[in-house]
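A.B. asks: quick one, what's the 3D model for this:
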Amino acid sequence: MTDIAESSRRSAHGGNDRRARTVPKPEEMASWRAFLRAHAVITRALETELLAEQGLSLAAYDVLVQLAEAPGRSLRMTELADAVLLSRSGVTRLVDRMEKGGFVRRTRVESDGRGVAAALTPAGLDCLRTASRTHLRGVTEHFVQRLSKDDLVTLERITGRLVR
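C.D. replies: The predicted model follows:
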């Protein structure tokens, strides 16, 4: 057997060299799937509550939060897309809808004549204040209350390593 084939065989069967292994073990896949399921269940519940109570998607709520927390309550469209984890075209379409609703407005970036930013409007800030009650209640109910303080600290430590 060639060195590459042997390395691949060891990797697929959980060989000792963790760096060379490319296929997760069953218990590792179970952890991965549990992480994905938890994320999906919680975000689905938060989205459902925001839509039912506020008529606002979770992505639109996230745009409002990101803009409210940004300096001058404004972000370049590319920065906003990165902050809310949408594609540039996805954030453009979402901002189009939110602009029609009066929650955001587009502005030119003064330092760059071609740059476009999204800015939070007073109506958008009011919407965020109202929607945050629904969202934060949901975060508490579907996430915080289901974990101990130690669990929350551990989860923050673990997820912090994943996004570095």
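A.B. asks: state whether R114 is indeed within a strand.
C.D. replies: Yes. Looking at R114 with DSSP: H, G, I helix; E, B strand; the rest coil, it is inside a strand.
A.B. asks: list the contacts of it.
C.D. replies: Neighbour list for R114: empty [criterion: C-beta atoms under 8 Å, 6 or more residues apart in numbering]. (Each C-beta comes from the backbone N, C-alpha and C, glycine too.)
A.B. asks: where does this protein have low pLDDT?
C.D. replies: Within the chain, the stretches with pLDDT under 70 are 1-19, 113.
A.B. asks: mind listing what's buried along the helix ranked longest in it?
C.D. replies: Ranked by residue count, the top helix of the chain under DSSP state H comes out as helix 26-54. Using 16 or more other C-beta atoms under 10 Å as the test for burial, helix 26-54 gives 42, 45-47, 49-50, 54.
A.B. asks: likewise for stretch 131-144?
C.D. replies: So for stretch 131-144, counting by 16+ other C-beta under 10 Å, buried means 131-132, 134-135, 138, 142.
A.B. asks: and the longest helix of the chain, what does it pack against?
C.D. replies: helix 58-69, helix 122-142 (3 or more C-beta pairs under 8 Å, 6 or more residues apart in numbering; DSSP states H and E).
A.B. asks: quick one: it to helix 122-142, angle?
C.D. replies: On the basis of axes from the mean of the first three to the mean of the last three C-alpha atoms, to 10 degrees, helix 26-54 is oriented at 130 degrees to helix 122-142.
A.B. asks: starting at the chain centroid, how far to helix 26-54?
C.D. replies: On the basis of C-alpha atoms, centre = their mean, to the nearest Å, the separation between the geometric centre of helix 26-54 and that of its chain is 12 Å.
A.B. asks: what do you get for stretch 143-155?
C.D. replies: Put simply, stretch 143-155 sits 19 Å off its chain's centre (C-alpha atoms, centre = their mean).
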